[in-house]
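Chemist: give the three-dimensional model of this entry:
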Amino acid sequence: MNVYHGIESFKPLPFAVVTSGTFDGVHLGHQKILNRLTEIARNSGSAGAAGQTVVLTFWPHPRTVVSNDSQDLKLLSTLDEKVELLEQAGIDNLIIIPFTRSFSELTSEEFIRQILLDKIGTRKLVIGYDHRFGRNREGGFDYIRQHAPEYGFEVEEIPRQDVEAVGVSSSKIRAALLEGNLRIATQFLGRPYSLTGTIVKGRQLGRTIGFPTANIQIDDHEKLIPANGVYAVDVLYRNQLLQGAMNIGTRPTVAGTNRTIEVYIFDFNQDIYGEHLTVKLRAYLRPEMKFNGLPELVEQMNRDVERAKGILGNG
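Modeler: As a prediction, this is how the structure comes out:
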């Protein structure tokens, strides 16, 4: 996949099949659009000018620039994660537009002519059922369909992706994760939610009670951290697939105050401070609790580990 940070260096294509959006999480709804995009490109163009897919996305997230609730917005995917997911989807070209206040002032007409036509050479535009663009979100499917003949490209709207009769959206996935509803989040994403960070030193209390944990500092402060509690997780470390149990919370039993993310990796005893790892959340085991002392905490942690192993197939 060709990745462009900005549109200036992108050269218009003979037959560009384009979609645009924030694609936070690259969930099932996004995947439906991307699958259709690649299908059209595969069956379009000519021998000398085969169709190519182009995803136009924005960073930072537009809401952080134009909305008053930007401080509260946490994202399902970092920019690096989004790039990786779009590459896995088989996209040919990814253009990352720096989203600024001035860019947000482009009208839908200016966006279409300056970006989609002049810069990309769009021949077919594929958008989601609720996609809006241009200043004040004035543009949408009906607008483009009415003006498509004068623009010289076709437009196709993709119906919403439903799971159990519920429309998939990034907002619904965020809400599910914050409620500890990992089942819904996983269903809507089409994969386990993941967190990536650097291993930092904590209080090292886990070592004294037989559960040495890796304290994860998330790399991107805008990444959404799910609800406090204990999770069964897959752990990716140096191309190894490991398993573990992870706690998100303040550790009230030991008078903790700061929120931490700690993972106990099964059958693992290496010094990995300063290194990166990724955890994939497979199941939500229970909420965070305050116990009457360390013995009661250790007893519960043993139960958590056994349950996690059973879920992960390591029992």
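
Chemist: low-confidence ranges in the stretch 201-315 of the chain?
Modeler: Residue ranges of the stretch 201-315 of the chain with pLDDT under 70: 203-210, 255, 314-315.

Chemist: can we see that at 80?
Modeler: 202-210, 253-257, 314-315 (pLDDT under 80).

Chemist: helices along that one, start to end?
Modeler: Taking DSSP state H, counting those that start in this stretch to define them, one finds helices in the stretch 201-315 of the chain at 205-208, 294-312.

Chemist: could you single out the most deeply buried of the ones you listed?
Modeler: Ranked by mean neighbour count, the helices of the stretch 201-315 of the chain are led by helix 294-312 with a mean of 16 (mean count of other CB atoms under 10 Å). All C-beta spots, glycine's among them, are computed from the backbone N, C-alpha and C.

Chemist: hmm, who's touching that one?
Modeler: 209-211, 230-234, 243-245, 253-254, 264, 266, 282-283, 285-286, 289, 291, 315 (CB atoms under 8 Å, 6 or more residues apart in numbering).

Chemist: any of these buried? List them.
Modeler: 211, 230-234, 243-245, 253, 264, 282-283, 285 (16 or more other CB atoms under 10 Å).

Chemist: check the closest residue to Arg101 other than its chain neighbours and give its pLDDT.
Modeler: In space, and not counting its chain neighbours, Arg101 is closest to Val65: 6.0 Å by CB to CB, 6 or more residues apart in numbering. With respect to pLDDT, Val65 scores 86.

Chemist: double-check that Val65 belongs to a strand.
Modeler: No - remark: Val65 does not belong to a strand; assigned using DSSP: H, G, I helix; E, B strand; the rest coil, it is helix.

Chemist: quickly note the distance from it to Leu182.
Modeler: Per CB to CB, to the nearest Å, Val65 is found 30 Å from Leu182.

Chemist: looking at the two, which one has more neighbours?
Modeler: Using other CB atoms under 10 Å as the criterion, Val65 and Leu182 rank with Leu182 on top: 22 against 15.

Chemist: and the nearest residue to the more buried one once chain neighbours are set aside, what does it touch?
Modeler: In space, and not counting its chain neighbours, Leu182 is closest to Tyr284: 4.2 Å by CB to CB, 6+ apart. By CB under 8 Å, 6+ apart, the contact list for Tyr284 reads 180-183, 227, 229-231.
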